[in-house]
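*Asks:* Task: produce atomic coordinates for the following.
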Amino acid sequence: MGCEGITRQQNMAQREQPAGSEVKTYCPLVHFRGCHMTKREPNPTLKIELIRYGMTQRQLAEILGVSPAAVSNWVTGWDKPSAAMTRRIAEVLRCRPEDLGLAS
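*Replies:* Just a heads-up that it's a prediction; the model follows:
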């Protein structure tokens, strides 16, 4: 559901509005990570390194002591790990931190 989506109650209220009156729509995604239009940059480099090393996102999360959602957010670009975590990821994947494409 995008910004054009409205709740059921608002949909009902909108139907009751007189023709030509303006009704603001509700976007449930605006309250989630700012807005669904937030610019994010997916990180294919981290995903490629995981594949090259033969490791899943879940396995990396367990080794690092973070949630699988955190690793997923790094790969999809919703979030970036701290500099210290980037160094730990590089150690686990046996590569240089710069090779991971996670620079802040």
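
*Asks:* Give me the buried positions along stretch 63-76.
*Replies:* Under the neighbour-count criterion of 16 or more other C-beta atoms under 10 Å, stretch 63-76 has 64, 66, 70, 71, 73, 74, 75 buried. In short, each C-beta sits where N, CA and C put it, glycine included.

*Asks:* what does stretch 42-49 give?
*Replies:* When burial is assessed from 16+ other C-beta under 10 Å, stretch 42-49 yields the following buried residues: 43, 46, 49.

*Asks:* Just to be sure, which of these are found in helices?
*Replies:* Those of those mapping onto helices are 46, 49, per DSSP state H.

*Asks:* Could you dump the buried residues of stretch 42-49 into JSON lines with distance to residue 58 and pLDDT added?
*Replies:* Shown next, in JSON lines, are the buried residues of stretch 42-49 (distance: C-beta to C-beta, whole Å; pLDDT from 0 to 100):
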{"residue": "43", "distance to residue 58": "17", "pLDDT": "82"}
{"residue": "46", "distance to residue 58": "14", "pLDDT": "90"}
{"residue": "49", "distance to residue 58": "15", "pLDDT": "91"}
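
*Asks:* pretty sure residue 99 is touching residue 90, no?
*Replies:* Yes - with contact defined as C-beta atoms under 8 Å, residue 99 reaches residue 90; the gap is 7.2 Å.

*Asks:* With neighbour numbers in mind, choose between those two.
*Replies:* Between residue 99 and residue 90, counted using other C-beta atoms under 10 Å, the more crowded position is residue 90 (17 against 13).

*Asks:* Does that one belong to a helix, a strand or coil?
*Replies:* Three-state assignment for residue 90 (DSSP: H, G, I helix; E, B strand; the rest coil): helix.

*Asks:* can I assume it is in contact with residue 84?
*Replies:* No - the pair residue 90 / residue 84 is not scored as a contact, 10.8 Å apart, by C-beta under 8 Å.
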